[in-house]
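Participant: Pasting a predicted model and its sequence here:
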2 protein chains.
Amino acid sequence: MSYAATYMEQLGIAAKKAEKTVSALKTAKKNAALELIAEKLMQNAEFIKAQNQKDIDRARERALTRAFIDRLTLTDGRVADMANGVMSLVALPDPIGEVLGGGELLSGLSVVKKRVPLGVIGIIFESRPNVAVDAAALCLKSGNVCILRGGSDALNSNKCLADIMRGALSECDINPDAVLLVEDTEREIALEMMKARRYIDVLVPRGGGGLISTVVNNSAVPVIETGEGNCHVYVDASADARMAVEITDNAKTQRPSVCNAVETLLVNADIAGEFFPLLAERWGIGTPEPKVKIYGDAASAKYIKTEREATDEDYRKEFNDNIIAVKTVKNTDEAIEHINRFGTGHSECIVTGDLDNAEKFQSEVDAAAVYVNASTRFTDGFEFGLGAEIGITTQKLHARGPMGLKELTTYKYLINGKGQIRK
Amino acid sequence: MSYAATYMEQLGIAAKKAEKTVSALKTAKKNAALELIAEKLMQNAEFIKAQNQKDIDRARERALTRAFIDRLTLTDGRVADMANGVMSLVALPDPIGEVLGGGELLSGLSVVKKRVPLGVIGIIFESRPNVAVDAAALCLKSGNVCILRGGSDALNSNKCLADIMRGALSECDINPDAVLLVEDTEREIALEMMKARRYIDVLVPRGGGGLISTVVNNSAVPVIETGEGNCHVYVDASADARMAVEITDNAKTQRPSVCNAVETLLVNADIAGEFFPLLAERWGIGTPEPKVKIYGDAASAKYIKTEREATDEDYRKEFNDNIIAVKTVKNTDEAIEHINRFGTGHSECIVTGDLDNAEKFQSEVDAAAVYVNASTRFTDGFEFGLGAEIGITTQKLHARGPMGLKELTTYKYLINGKGQIRK
């Protein structure tokens, strides 16, 4: 067996062993552990920042981008955010043990369908160390063991955070292997992780499109995809043009780096002449420092200054930046077709005053969240009332849209008889 | 683009086009189409059998096994079963459109979580042509388009069944591409199907372990695994030995070829001396023609005649035949450990009179259905009240255990606002 396979097998065996106790933990014990994790994060803020600084220094040496270093950096505020995030889980109801259904069958068998943890969840993420804490805390509250595999650039930060969490678990008499970290960030080990069906029940990649497609294409373990959001705003002919500007501006610029930000704007030709000038004004298009860069088709360029012509590649892209692709369409059908072709099934919006078009758009657009007259930025576990989220999925199986604690569970049927056999 | 990729792309485009209308079909229209499919299957029984005979003749020429030919063969009874299966779906409630939740968010947005079809479902199956009809009918009722890819050995049968179904759809004014058949059974095309993420939302392999692992290992499309069942019966020390014999006999011999049949028998050492002789008597073990062949460990062989020693390979195997692997264990913990190591997470049973052991077994065994004192053979969509099933999954995501119409759906969030933006 290769070194990578052996490494993963050892982690897998530890995870499976921990699973047995973690899945059976009482709510009070899980909550006590979460509280202690939050407390220890705050107590160790200086140490965390010092470890994080090593990663930052290394990233600077390697001249990584400012955005990258920003995602990597842990400040006092971000440490407090992590601790608060962990504490927020304490207040949420424990999903485990919930009876989802059941009854007596014709054969006299009694059946109970009960919610149980998934088991061992692998989290593969990039350079944001707070993901390690968020994900581990969600897994713990939902009775799951987690195996964390973060990017090599954040290894010092992740090690330190994992150590703090494992220490808190031990103090609470919980097997610390409930939280496992892949400390060797060799690619081969990540690939073994994706094949480790015997040990890992689900993989959750958290990061950009490249990471997600690597996991999807290499994984034999079932994957819950999160994160890739090529979201659209479609401004219908009957839209309130000012409302459309507000929504487009909010969806693009309020936080451009996140997955529910809009990436492509579709505008009905009949409103283009009214809408585009208002948008240009809002974004200072044509000024030396426009708020947003526009890549657009020829029809749109008649009404608004574009940086260059938009390509299919642009329409497919998650810019995660103050850039937007723009296209003028002739009707709602063309908008829907464009979205279903280029979208990632995340969040899509129509701005309209026409009921039929609103209904058609919501019915035919194939996405987790389909908005009428509201910003796509609302797609979020907190906004949707889940209390917390491990990510937003763009797949259709198991969970769609924001995923909270319940989405980290499965169920099993418990069946009791008195010797029944099948006739 | 290769021939295989082009072939699959054409099917995919047709499927996506059909999806739009199929997902929006009214219940009455879907039911009318199901009724017509059932009617046409009955009307064309002779033609179906004639086409099927070609496949049978070819299978005989190639000297395929009797069991294989049995699975392939369509008799009048089996045609009627297919038609009845289709008709049974008419009576079931339409899952599509169900409102699963929703409400008003803090921001004043109104959210409705609505059940919708998955979209395009790929079914990859082996030589049982009835799967084509069962699967297509379930997909239709749940508003999904299906792409059927059956084994080359059943191609004439599958073509004929697909034609009949497509004809019925056309007559009902439904796009016949709601049911698509991969008529070229080249392996490359099946592999392309597994990569066709743009066109296929979910793959459901139906068949043996080899087929399932091929699909799991090669698929970039999300997979719902069905079928592999390495099920266990554990006879606890406190079991009623006669009940244990009844359950073991039923779970093994009532229909050995199916996934919920038992494959390994675990016996507590303390009851081995009482239980094994009763089982030997029931199965005529030691006679020239025993009902079941036993591969067992040395400890079991003291009490019951075994064909040979059981290997780990035997404990991992789905015999689907009148063969059982047997092991004597010292307690419930060892039984659970064996099951979680070798089982496929399908159906597991403890025969016991001890409440603690029953609860421990149900809590710690990681499987879709965990039985106390009943045959594993009850794991079935009909028995569980789903009315029909597309298979029984052994995975934990999305669905676990028997899958009916609801398991062929997902949901989407429909959100209506009045211009809300995120602060």
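Facilitator: Looks like it came in fine. Numbering: from 1, shown residues only, chains lettered A, B, ... in the order given.
Participant: Now do the strands in the stretch 1-150 of chain A.
Facilitator: Listed in chain order, the strands found in the stretch 1-150 of chain A under DSSP state E, counting those that start in this stretch are A:99-104, A:110-117, A:120-125, A:145-149.
Participant: so how far is the third one from its chain's centroid?
Facilitator: So the one you mean is strand A:120-125. Taking the mean C-alpha point of strand A:120-125 and that of its whole chain, the gap between them comes to 12 Å (CA atoms, centre = their mean, to the nearest Å).
Participant: List the residues that contact the residue in the stretch 201-350 of chain A that chain B sits nearest to.
Facilitator: In the stretch 201-350 of chain A, the residue that lies nearest chain B is A:Asn250 (3.5 Å; CB to the nearest CB). C-beta coordinates here come from the backbone N, C-alpha and C atoms, glycine included. Taking CB atoms under 8 Å, 6 or more residues apart in numbering or on different chains, we find A:Asn250 in contact with A:375, A:377, B:421-422.
Participant: could the residues you listed go into CSV alongside secondary structure?
Facilitator: As requested, the contacts of A:Asn250 are exported to CSV (DSSP: H, G, I helix; E, B strand; the rest coil):
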residue, secondary structure
A:Ser375, coil
A:Arg377, helix
B:Ile421, coil
B:Arg422, coil
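Participant: any idea where the strands of the stretch 201-350 of chain A begin and end?
Facilitator: In the stretch 201-350 of chain A, the segments counted as strands under DSSP E, counting those that start in this stretch are A:202-206, A:231-235, A:262-268, A:293-296, A:308-309, A:323-329, A:347-351.
Participant: quick check: longest helix of chain A.
Facilitator: The residue-count maximum for a helix in chain A (DSSP state H) belongs to helix A:3-22.
Participant: For that helix, list the C-alpha coordinates in CSV.
Facilitator: Below are the C-alpha coordinates for helix A:3-22, written out as CSV (Å, rounded to 0.1, in the frame of the first residue of the first chain):
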residue,chain,number,x,y,z
TYR,A,3,2.2,6.0,1.8
ALA,A,4,-0.8,8.1,0.8
ALA,A,5,-3.2,5.1,1.1
THR,A,6,-1.7,4.1,4.4
TYR,A,7,-2.0,7.6,5.7
MET,A,8,-5.6,7.9,4.8
GLU,A,9,-6.4,4.4,6.1
GLN,A,10,-5.0,5.3,9.5
LEU,A,11,-7.2,8.4,9.6
GLY,A,12,-10.1,6.4,8.3
ILE,A,13,-9.8,3.8,11.0
ALA,A,14,-9.6,6.5,13.7
ALA,A,15,-12.6,8.2,12.2
LYS,A,16,-14.7,5.0,12.2
LYS,A,17,-13.8,4.3,15.7
ALA,A,18,-14.8,7.8,16.9
GLU,A,19,-18.0,7.6,14.9
LYS,A,20,-19.5,5.0,17.2
THR,A,21,-19.3,7.3,20.2
VAL,A,22,-19.9,10.6,18.5
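Participant: Which positions in that helix come out as buried?
Facilitator: Buried positions in helix A:3-22, judged by neighbour count with 16 or more other CB atoms under 10 Å in any protein chain shown: A:4-5, A:7-8, A:11-12, A:14-16, A:18-20, A:22.
Participant: and if you look at stretch A:173-192?
Facilitator: Within stretch A:173-192, the residues scored as buried using 16+ other CB under 10 Å are A:174-182, A:184, A:189-192.
Participant: could you redo those residues as TSV and give each row distance to A:Ile304, secondary structure and pLDDT?
Facilitator: Output for the buried residues of stretch A:173-192, formatted as TSV (distance: CB to CB, whole Å; DSSP: H, G, I helix; E, B strand; the rest coil; pLDDT from 0 to 100):
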residue	distance to A:Ile304	secondary structure	pLDDT
A:Ile174	57	coil	98
A:Asn175	59	coil	98
A:Pro176	57	helix	98
A:Asp177	56	helix	98
A:Ala178	53	helix	98
A:Val179	50	strand	98
A:Leu180	51	strand	98
A:Leu181	48	strand	98
A:Val182	47	coil	98
A:Asp184	50	coil	96
A:Ile189	49	helix	96
A:Ala190	43	helix	96
A:Leu191	46	helix	96
A:Glu192	50	helix	96
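Participant: Farthest-apart pair in the residues you listed, please.
Facilitator: Considering CB to CB, no two members of these lie farther apart than A:Ile174 and A:Leu191, which are separated by 30.1 Å.
Participant: Tell me how chain A divides into domains.
Facilitator: Domain assignment of chain A by automatic domain parsing yields the ranges A:3-226+A:390-416, A:231-378.
Participant: and A:Ala91, what does it touch?
Facilitator: Taking CB under 8 Å, 6+ apart as the criterion, A:Ala91 is in contact with A:Gly387.
Participant: Ok, A:Ala135 next?
Facilitator: With contacts taken as CB under 8 Å, 6+ apart, A:Ala135 has the following neighbours: A:121, A:123, A:125, A:146, A:148, A:204, A:206, A:390.
Participant: about what we covered before: how about the strands of the stretch 1-150 of chain A in TSV, adding mean neighbour count?
Facilitator: Supplementary listing: the strands of the stretch 1-150 of chain A in TSV, determined by neighbours: other CB atoms under 10 Å in any protein chain shown:
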stretch	mean neighbour count
strand A:99-104	12
strand A:110-117	20
strand A:120-125	27
strand A:145-149	27
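Participant: and those as JSON lines, adding distance to chain B?
Facilitator: Supplementary listing: those in JSON lines, determined by distance: least, CB to the nearest CB, whole Å:
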{"stretch": "strand A:99-104", "distance to chain B": "8"}
{"stretch": "strand A:110-117", "distance to chain B": "7"}
{"stretch": "strand A:120-125", "distance to chain B": "10"}
{"stretch": "strand A:145-149", "distance to chain B": "12"}
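Participant: Which among these is found nearest to B:Lys29?
Facilitator: Proximity to B:Lys29, assessed across these by CB to CB, is greatest for strand A:99-104 (29.8 Å).
Participant: got the CA positions of the closest one in CSV?
Facilitator: Output for strand A:99-104, consisting of C-alpha atoms alone and laid out as CSV, is shown next (Å, rounded to 0.1, in the frame of the first residue of the first chain):
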residue,chain,number,x,y,z
VAL,A,99,-38.7,10.4,14.5
LEU,A,100,-39.5,11.2,10.9
GLY,A,101,-42.3,8.7,10.4
GLY,A,102,-43.3,5.2,11.0
GLY,A,103,-46.2,3.0,11.9
GLU,A,104,-47.5,-0.6,11.8
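Participant: helices or strands up against it?
Facilitator: Helices and strands in packing contact with strand A:99-104 are listed as strand A:110-117; criterion 3 or more CB pairs under 8 Å, 6 or more residues apart in numbering or on different chains; DSSP states H and E.
Participant: quick check: angle from the strand it packs on to helix A:3-22?
Facilitator: Here strand A:110-117 points in a direction 130 degrees away from that of helix A:3-22 (axes from the mean of the first three to the mean of the last three CA atoms, to 10 degrees).
Participant: and the stretch 1-150 of chain A, which residues reach chain B?
Facilitator: Counting by CB under 8 Å from any CB of the partner chain, the residues of the stretch 1-150 of chain A close to chain B are A:16, A:20, A:24, A:103, A:105-107, A:109, A:111, A:118-119.
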